[in-house]
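Peer 1: Provide a 3D model corresponding to the input given below.
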Amino acid sequence: MKACSSYREKLLLFLDGEVEASEELLFHLETCHCCQGYADDHRRLSELLKRTRSLWRAPESLREKVSHIQRGLPADLNRRDS
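Peer 2: A predicted model of the protein is given here:
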């Protein structure tokens, strides 16, 4: 059997709904108490983060820079909000 560490990345992606779990990963998760605890901890943390809201909003200038970068446009990285 593979070491738990070899499953961790796929396990997190599976728990976040990013990938389908392989039969091998599901079998490991069903039979490994260590990874079951790891998965439970990740689920609790995810739920906590979903329930909490951000306490601040990024300044508009930063939001514009990020938007430009995402679209592949040049962003004025030297400009700051006052």
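Peer 1: drop to CA atoms for contacts and neighbour counts, all remaining ones
Peer 2: Noted.
Peer 1: how many other residues sit next to residue 44?
Peer 2: Residue 44 is flanked by 11 other residues according to other C-alpha atoms under 10 Å.
Peer 1: Mind listing what's buried along stretch 39-58?
Peer 2: Neighbour-count burial for stretch 39-58 flags 39, 42 (criterion: 16 or more other C-alpha atoms under 10 Å).
Peer 1: now swap in stretch 10-24 and tell me
Peer 2: For stretch 10-24, burial by neighbour count (16+ other C-alpha under 10 Å) applies to 10, 11, 12, 14, 15.
Peer 1: list the contacts for the fourth one?
Peer 2: Yep, that's residue 14 we're talking about. Neighbouring residues of residue 14 by C-alpha atoms under 8 Å, 6 or more residues apart in numbering: 20, 21.
Peer 1: same deal with the first one?
Peer 2: Counting by C-alpha under 8 Å, 6+ apart, residue 10 touches 19, 21, 25.
Peer 1: helix/strand/coil for it?
Peer 2: helix (DSSP: H, G, I helix; E, B strand; the rest coil).
Peer 1: quick one: it and residue 24, what's the gap?
Peer 2: 11 Å (C-alpha to C-alpha, to the nearest Å).
Peer 1: just the second one next, same as before
Peer 2: Using C-alpha to C-alpha, one gets 11 Å for the distance from residue 11 to residue 24.
Peer 1: Check the gap between the most centrally placed residue in the chain and residue 43 for me.
Peer 2: By C-alpha atoms, centre = their mean, the chain has its centre lying nearest to residue 16, at 7.0 Å. Going from residue 16 to residue 43 by C-alpha to C-alpha gives 9 Å.
Peer 1: And residue 59, by the same measure?
Peer 2: The gap separating residue 59 from residue 43 is 31 Å, by C-alpha to C-alpha.
Peer 1: Same check on residue 51?
Peer 2: For residue 51, the distance to residue 43 - C-alpha to C-alpha - is 12 Å.
Peer 1: In stretch 29-36, which residues are buried?
Peer 2: Of all the residues in stretch 29-36, those buried under the rule 16+ other C-alpha under 10 Å are 29, 35.
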